[in-house]
Every structure is written in C-alpha cells, then in structure tokens.
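In: Sequence unavailable; structure follows:
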C-alpha cells in the first residue's frame, strides 16, 4: 500500500524565476505533496523498474512505441507531461523518454538484436508494475528480465 507524504512549504528552497513548464504540487496554502511514499514501513521516493526485453518485435515502430508508452502511463495512473522519441537510421532503433509528473519512462531499442531496454521510475500513488503487461502486449518479448529498485529510501532515525 502506498501513502504519499506531505511537506511544509517552508522546508523547500524557493525556485527563482521559474521559466520551465511546471506541475503544481500544492495541496493547501502552505503544504505540498512531495510524492514520497510508504510501503511496508519504508518511506522512499519511488519505484524504479528496469526491464530488458529479449526476442521482442516491432521495436522500430514509432507509432507503436508512442502508443505503448501512453498506455503504460494510463494503466499506471501516472501523469504525462511530455514524450520525445527519436528514430535512428538505418537500423530503426528508437530512443525516447516520457516525462511524467511522477518521474519518467525511458526506452532504447536495438531492433537488429530484438532487444529493448526500458527504465520506469514513478513516485507517489502511481503503479509502475502495471506497465509490464502493456509492454508484453505491445512487443511480444520471448524473455523479459525485470529488476526493482526503491529510490530515495529514507533512513530510520
């Protein structure tokens, strides 16, 4: 079970002259949501899944990749801020990132080796593990290696 933690605004350094697109985390006049979460007694920033897909198909298809990323985000209940995909030639490999309010999904593909590497890092109430089934349905990997890392674990005081 995930629980977001709240932080007083006074605990955050002010960002001067913010010119980049923003995402409002305020939940009150002087409180914002830091999206740290708690699971089984551990407080941490988020879950980072590293997925290696071997024997995968359609790894050179930009439209399929964008749809897969959007479907992963929707199923994980995350918030899309921006997607950028780059198509390499002549092999058709794809590199890209979906920037989320909850962090990111990045991908690099090697179609000539039927291999893709995905990094899925999400904080807050999002469910990055939901993206796994989406990627299986989109790219039909014969083998999928998955590792999970809890990021930003707060040490017990």
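Out: Arrived safely, thanks for sending. Because the structure is a prediction, the values reported are computed rather than measured.

In: ok, residues contacting stretch 101-111?
Out: Residues outside stretch 101-111 that contact it (CB atoms under 8 Å, 6 or more residues apart in numbering): 23, 35, 46, 56, 59-60, 65, 69, 72-73, 78-79, 81, 91-98, 115-124, 126, 131. All C-beta spots, glycine's among them, are computed from the backbone N, C-alpha and C.

In: if you set the cut-off to 6 Å instead, what comes out?
Out: With CB atoms under 6 Å, 6 or more residues apart in numbering as the test, stretch 101-111 has contacts from 23, 46, 59-60, 69, 78-79, 81, 91-98, 116-124, 126.

In: Equivalent analysis for stretch 54-74, please.
Out: Taking CB under 6 Å, 6+ apart as the rule, stretch 54-74 contacts 80, 85, 87, 92, 94, 98, 105, 109, 111, 114-116, 131, 134, 138-143.

In: Out of the residues you listed, which end up buried?
Out: 80, 94, 98, 105, 109, 111, 114-116, 131, 134, 138-139, 141 (16 or more other CB atoms under 10 Å).

In: Residue 39: which of those residues is nearest?
Out: Comparing those against residue 39 with CB to CB places residue 131 closest, at 17.6 Å.
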